[in-house]
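*Asks:* Build me a model from this:
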Amino acid sequence: MKRAMQRILPLLLAAVMLFSVMPTPITAADGAPLPGDEQSGELELSPEGDGAPASITVAMLDALDEAVLFQSFEAGEIATQAQVTLPDALTGQDESGEALAIEGLEWTCTGRADDPDAPAAFDPQTPGAYTFTATLPQGYTLAEGVALPDITVTVRAQEAAVTAQDMYDVVFVVYGESTNPIPNATVTILRDGTKVQSGKTDEYGTARFALPEGEYTAEVAEVAFKGKYYAATQVDFSVPIPEDLWIGLNTLPTFTDGAFRYQVTSASLQQAEVIGLAGPAPANGLNIPATASDGTNTYSVTSIGDRAFEATGISGTLTIPASVTTIGSNAFFCCAGITGLQLPATGNLTVIGNEAFWGSGISGTLTIPASVTVIGDSAFRNTGLSGTLTIPSSVTVIGDSAFEGTGLSGTLTIPASVTTIGHMAFYRCGGITGLSLPATGSLTIGGSAFEGTGLSGTLTIP
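*Replies:* Down below sits the predicted model:
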């Protein structure tokens, strides 16, 4: 018996020692594994060997919904911060691309975007734009370039309650020259300098508002209609008002500067349009200036008016500045003396109007700026354009007969941005031998668009 015990005792001691050195899983207070320990149940230590848990690096965060990022309440609509939608968790990916669900976020109001000096505390009774910033729970860090989202909560001032019987119907009629009604004019109603309502006039030049009794100001913004540019104006009025209020608009002024005549198109923005020559046509080319002065104000030249130089004797090369956004319809119609066209390589030009250069003497290659979106009907019809035409990816519309009868040649490439190629757009362009249409996109091709071209080989229709 004694010998048996002597053999068993060492075995029991070895078993006890083995059990005592086995690793014990370390968990959080609620029994869940610590971050990064889900697989083995063992505590991963930081490289420094200080015994602290290793952090999970957040490499990407999923975007929050707009309705969460920007919230709005009327003052008093909610009572506490707890009624603001502040997510308990964010989702994203770690550095290895694994999905993350980061829970236990803490959100703090860090100030007001509209008043940086205001106390950094959320007050649902005080109007303002409050910013809430999240704090990550322990065990997470952000990769470089990754930022936690801010949530903006706007508290609006309470609107005064007005009963239906306190409201009065107010009708404005906005008109221009010869009492012609002006549609699409913006009318803004102010009370004590604060905007109350705003709307646009209909096809009859009328705008209707329901207003309580009081003193008001009506402001009508600058507006263009049928080639006329009208100045902004304002009138004071009282409610109730016995009859419709008619508001007449004055046209913005014209002026001459150097070789050109101009029409002010916006006094507030100090913009003007070239509307023609002030005297005889220059003999050697025409350079449209980027600015013009009436002697008091300097205006940016942003457009060339409809028929501005139609059938004039200008000759040589025409140069358009980068300030111009629109070349009007028939602007250089039948200007046979124009032999060259310099459009800005970079700038703001977006629209080349209908028949803008039809019948002009433009020859050689044409470079269309990357800002142009619309090439109007017959824009370059029957001109002497030649060579390969490059259409930039900004263009969406190529109008009817836009390049009809020109000498364009080579392969024509249509970018995916183009949605419409008009009727007879490249009619009788015999030099075009190849056509590349976009593989993707939505494209409508008008009748006879490529009739009379020299296309050969295979054609892939998208």
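*Asks:* going forward, measure contacts and count neighbours with C-alpha atoms only.
*Replies:* OK.
*Asks:* Show me where the stretch 51-200 of the chain dips below the pLDDT cut-off.
*Replies:* Filtered on pLDDT under 70, the stretch 51-200 of the chain yields the residue ranges 51-54, 159-165.
*Asks:* And the helices in it, which stretches?
*Replies:* If DSSP state H, counting those that start in this stretch is used as the criterion, the helices of the stretch 51-200 of the chain fall at 66-69.
*Asks:* how deep is residue 73 tucked in, by neighbour count?
*Replies:* For residue 73, the neighbour count with other C-alpha atoms under 10 Å is 17.
*Asks:* go on, residue 240?
*Replies:* Neighbour number of residue 240 under other C-alpha under 10 Å is 16.
*Asks:* separation between it and residue 184?
*Replies:* Computed as C-alpha to C-alpha, to the nearest Å, the residue 240 to residue 184 distance reads 25 Å.
*Asks:* how far away is residue 202 from residue 208?
*Replies:* Using C-alpha to C-alpha, residue 202 is found at 9 Å from residue 208.
*Asks:* now do residue 331
*Replies:* 38 Å.
*Asks:* With neighbour numbers in mind, choose between these two.
*Replies:* More neighbours surround residue 331 than the other of residue 331 and residue 208, with 27 against 17 (other C-alpha under 10 Å).
*Asks:* who's residue 293 bridged to?
*Replies:* Under the criterion DSSP bridges, residue 293 forms beta bridges with residue 298.
*Asks:* Check the burial of it by counting its neighbours.
*Replies:* For residue 293, using other C-alpha under 10 Å, the count is 16.
*Asks:* what's the distance between it and residue 272?
*Replies:* Counting by C-alpha to C-alpha - residue 293 and residue 272 are separated by 9 Å.
*Asks:* Could you do residue 404 as well?
*Replies:* Distance check for residue 404 against residue 272: by C-alpha to C-alpha, it reads 32 Å.
*Asks:* Settle it for me: which of those two has more neighbours?
*Replies:* Between residue 404 and residue 272, counted using other C-alpha under 10 Å, residue 272 has the larger neighbour count: 30 against 27.
*Asks:* residue contacts, the more buried one?
*Replies:* Listed by C-alpha atoms under 8 Å, 6 or more residues apart in numbering, the contact set of residue 272 reads 262-266, 292, 299-303.
*Asks:* 7 Å - rerun?
*Replies:* Contact analysis of residue 272 by C-alpha atoms under 7 Å, 6 or more residues apart in numbering lists 262-266, 299-302.
*Asks:* now residue 323
*Replies:* Taking C-alpha under 7 Å, 6+ apart as the criterion, residue 323 is in contact with 290, 300-302, 347-348.
*Asks:* make it 10 Å
*Replies:* Residues in contact with residue 323 (C-alpha atoms under 10 Å, 6 or more residues apart in numbering) are 271, 288-291, 300-303, 344, 346-349.
*Asks:* Residue 294 and residue 257 touch, don't they?
*Replies:* Yes: taking C-alpha atoms under 10 Å as the definition, residue 294 is a contact partner of residue 257 at 6.7 Å.
*Asks:* Count residues in the vicinity of residue 98, would you?
*Replies:* Residue neighbour count, defined by other C-alpha under 10 Å, stands at 10 for residue 98.
*Asks:* From residue 367, how far off is it?
*Replies:* For residue 98 relative to residue 367 (C-alpha to C-alpha), the value is 49 Å.
*Asks:* picking up where we left off before, got any residues that touch both of residue 293 and residue 272?
*Replies:* 255, 262, 299-301.
*Asks:* Out of those, the closest to residue 322 would be?
*Replies:* For those, the residue nearest residue 322 by C-alpha to C-alpha is residue 301; the value is 9.3 Å.
*Asks:* I figured residue 410 hits residue 365, correct?
*Replies:* No: at 11.9 Å, residue 410 and residue 365 do not qualify as touching, with contact defined as C-alpha under 10 Å.
*Asks:* which residues do these two both contact?
*Replies:* Shared contacts of residue 410 and residue 365, counting by C-alpha under 10 Å, 6+ apart, come down to 386-389.
*Asks:* if we can go back for a sec, pull out the buried members of the shared contacts of residue 293 and residue 272.
*Replies:* In the shared contacts of residue 293 and residue 272, burial by neighbour count holds for 255, 262, 299-301, counting by 16 or more other C-alpha atoms under 10 Å.
*Asks:* so of those, which ones are in strands?
*Replies:* If you go by DSSP state E, those have 255, 262, 299-301 in strands.
*Asks:* Pull the most distant pair out of those.
*Replies:* Farthest-apart pair in these is 255 and 300; separation 13.5 Å (C-alpha to C-alpha).
*Asks:* which neighbours do those two share?
*Replies:* 264, 272, 292-293.
*Asks:* Of these, which is the nearest to residue 318?
*Replies:* Using C-alpha to C-alpha, the shared contacts of residue 255 and residue 300 come closest to residue 318 at residue 292, 17.8 Å.
*Asks:* Roughly how far does that closest one sit from residue 236?
*Replies:* Taken as C-alpha to C-alpha, the span from residue 292 to residue 236 is 34 Å.
*Asks:* got it, and residue 441?
*Replies:* 52 Å.
*Asks:* Repeat that for residue 456.
*Replies:* From residue 456 to residue 236 the distance is 69 Å (C-alpha to C-alpha).
*Asks:* again, but for residue 420
*Replies:* With C-alpha to C-alpha as the criterion, residue 420 and residue 236 are 48 Å apart.
*Asks:* Just the ones of the shared contacts of residue 410 and residue 365 in strands?
*Replies:* When DSSP E is applied, the shared contacts of residue 410 and residue 365 are split such that 386-387 fall in strands.
*Asks:* Return the member of the contacts of residue 272 nearest to residue 432.
*Replies:* The shortest approach to residue 432 among the contacts of residue 272 belongs to residue 302, at 34.0 Å (C-alpha to C-alpha).
*Asks:* Counting neighbours, what do you get for residue 381?
*Replies:* 26.
*Asks:* surely it meets residue 401?
*Replies:* Yes: taking contacts as C-alpha under 10 Å, residue 381 lies within contact range of residue 401: 6.3 Å.
*Asks:* Give the intersection of the neighbour lists for the two.
*Replies:* Taking C-alpha under 10 Å, 6+ apart as the contact rule, residue 381 and residue 401 both touch 354-355, 358, 425-427.
*Asks:* Find me the pLDDT at residue 332, would you?
*Replies:* At residue 332, the model reports a pLDDT of 95.
*Asks:* Same check on the one 5 residues further on?
*Replies:* Residue 337 carries a pLDDT score of 92 in this model.
*Asks:* Enumerate every residue touching it.
*Replies:* If you count contacts by C-alpha under 10 Å, 6+ apart, residue 337 has them with 283, 285, 311-317, 359-362.
*Asks:* what's the closest residue to it other than its chain neighbours in contact with, if anything?
*Replies:* The shortest distance from residue 337 to any non-neighbouring residue, by C-alpha to C-alpha, 6 or more residues apart in numbering, is to residue 315 (4.1 Å). Residues near residue 315 by C-alpha under 10 Å, 6+ apart: 281-286, 335-340, 360-362.
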